[in-house]
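1. Whatever this is, show me its structure:
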Amino acid sequence: MERRRFGLRHVCALTLLLVSLCPLRCRANWMWLGVSSPGVPEELGCAGLPLSPRQRDLCRRKRFLLPSIQDGARLAVAECQNQFRHERWNCSTTQDPSVFGFELTSGTKETAFIHAVMAAGLVHAVTRSCSQGNTTECGCDARLRSGGLSAEGWHWGGCSDHTQYGTWFSRRFIDHGVRNTSTTRGGHSLVSMNQHNAEVGRQAIDRTMSTDCRCHGVSGSCAVKTCWRTMAAFGRVGLYLKERYERSVQVWDRSKRKNKRKDPRRVPIDKHQLIFFNKSPNYCVEDRRRSVAGTRGRRCNRSSTGPDGCGHLCCGRGYNTHVVRHVQRCECKFVWCCYVRCRRCESMNDTHTCK
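-> Okay, here's the model as predicted:
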């Protein structure tokens, strides 16, 4: 136990050193909790975490939510990497304390997705903690417990997920007091763009919720049902946001005055659309300055015509084929008494990686 604590202190000290030495362009932020080790936030405390003054103050007042903040960040990073695992940009994280490097502030579609999924992850984790009774400040959504029967023969009951508290906390923790605007009138700033996309992420939790029911009646009949609202698994939220990413809308960056006459959009943007400023790089070639890993060495699917296909993922450079030998137990049988006997099976499979 003492050795584990020493290890945590060593990690914490190293983290603080990295944060202090990090230049402005790679400034650390709360998303770092998504790649940190479990227990580190509690070890560092609110004062030692890479938070803004506003976030640090909220952290001190809601310290009981520290585990949920880390859970939300880890959930979001993992889902981002899951949704983009076959893409040229695979949501890779870096040793850079900003976690996502250049993409966090590049104003691209990828920036939009990062801010949306991180905000959604925070809502999901805090709401789940509330529903599980881990805090005294929130619990189930009691507003739906009407008790009266509906025309369909069911009534609200059970423990509905109280997303309002999670959404409130996500807004207070992530947004920084700048008025959020969802209109292109006058253009967007990077801050308002990120806030708009974060709000899309938060609303994704509500838009993917479902109604679950339990039957009550004689001999298992469903004469009466009790129903409650529950959040979808976060993978469903990630899929919803990936669809919004594919249909995201480019808007005008008001900081670039020279582009003012080229602004093609003067209509309000739907509040459920992701928005971005700049076109994405192709992510084909490694660019360390921008923390772009490139696709060299990535596994691809030779028979696929999708984004994971060798033709697309390898950017026309071709691919290498390797024969991989797999050994596993097979044809297992129970032998009386009392052990399991298995054969040793081998298979040879082709693996393709980008040149």
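
2. Every contact and neighbour count from this point should use C-alpha atoms.
-> Noted.

3. List the contacts of the residue nearest the centre of the chain.
-> Centroid-nearest residue in the chain: Ala76, 2.1 Å away (criterion: CA atoms, centre = their mean). Counting by CA atoms under 8 Å, 6 or more residues apart in numbering, Ala76 makes contact with Gly34, Val117, Met118, Ala120, Gly121, Leu122.

4. gap between it and Leu51?
-> When distance is defined by CA to CA, to the nearest Å, Ala76 is 18 Å away from Leu51.

5. cool, and Val126?
-> 18 Å.

6. could you dump the helix or strand hosting Ser129 to PDB, C-alpha only?
-> Under the criterion of DSSP states H and E, Ser129 resides in helix 109-131. Below are the C-alpha coordinates for helix 109-131, written out as PDB (Å, rounded to 0.1, in the frame of the first residue of the first chain):
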ATOM      1  CA  LYS A 109     -14.700  18.900 -37.300                       C
ATOM      2  CA  GLU A 110     -12.500  16.900 -35.000                       C
ATOM      3  CA  THR A 111     -12.300  19.800 -32.500                       C
ATOM      4  CA  ALA A 112     -16.100  19.900 -32.600                       C
ATOM      5  CA  PHE A 113     -16.500  16.200 -31.800                       C
ATOM      6  CA  ILE A 114     -13.900  16.400 -29.000                       C
ATOM      7  CA  HIS A 115     -15.800  19.100 -27.100                       C
ATOM      8  CA  ALA A 116     -19.200  17.500 -27.700                       C
ATOM      9  CA  VAL A 117     -18.200  14.100 -26.500                       C
ATOM     10  CA  MET A 118     -16.300  15.400 -23.400                       C
ATOM     11  CA  ALA A 119     -19.300  17.500 -22.300                       C
ATOM     12  CA  ALA A 120     -21.600  14.500 -22.900                       C
ATOM     13  CA  GLY A 121     -19.300  12.200 -20.900                       C
ATOM     14  CA  LEU A 122     -19.400  14.500 -17.900                       C
ATOM     15  CA  VAL A 123     -23.200  14.600 -18.000                       C
ATOM     16  CA  HIS A 124     -23.400  10.900 -18.300                       C
ATOM     17  CA  ALA A 125     -21.000  10.200 -15.400                       C
ATOM     18  CA  VAL A 126     -22.500  12.700 -13.000                       C
ATOM     19  CA  THR A 127     -26.000  11.600 -13.800                       C
ATOM     20  CA  ARG A 128     -25.100   7.900 -13.200                       C
ATOM     21  CA  SER A 129     -23.600   8.800  -9.900                       C
ATOM     22  CA  CYS A 130     -26.800  10.600  -8.900                       C
ATOM     23  CA  SER A 131     -29.000   7.600  -9.900                       C
END
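
7. Check which helices and strands it sits against.
-> helix 66-83, helix 163-174, helix 190-207, helix 234-246, strand 275-276 (3 or more CA pairs under 8 Å, 6 or more residues apart in numbering; DSSP states H and E).

8. number of nearby residues for His322?
-> Neighbour count of His322, defined by other CA atoms under 10 Å: 11.

9. how about it, secondary structure?
-> strand (DSSP: H, G, I helix; E, B strand; the rest coil).

10. wait, isn't it in contact with Met348?
-> No - using CA atoms under 8 Å, His322 is not in contact with Met348; the gap is 10.0 Å.

11. give me the number of residues near Trp252?
-> 24.

12. distance of it from Leu239?
-> From Trp252 to Leu239 the distance is 27 Å (CA to CA).

13. How many residues are close by the closest residue to Met209 other than its chain neighbours?
-> Once flanking residues are discounted, Met209 sits nearest to Met231: 4.5 Å by CA to CA, 6 or more residues apart in numbering. Neighbour count for Met231, taken as other CA under 10 Å: 22.

14. Ramachandran coordinates for Asp212?
-> phi -100, psi 150 (degrees, to the nearest 10).

15. nope, His352 is what I was after
-> Main-chain torsions, His352, degrees, to the nearest 10: phi -110, psi 130.

16. can you start the count at 29 instead of 1 from here on
-> I'll keep to 29 as the first residue from here, and by that count the last item is His380.

17. Identify the residues contacting it.
-> His380 sits in contact with Arg327, Cys328, Asn329, Arg330, Cys338, Tyr347, Asn348, Thr349, His350, where contact means CA under 8 Å, 6+ apart.

18. confidence score at it?
-> Listed pLDDT for His380 reads 94.

19. Please apply the same query to Cys366.
-> With respect to pLDDT, Cys366 has a value of 86.

20. before we move on, the earlier item: in the contacts of Ala104, find the pair that's most separated.
-> Gly62 and Ala148 (13.2 Å; CA to CA).

21. This completes my enquiry, with thanks.
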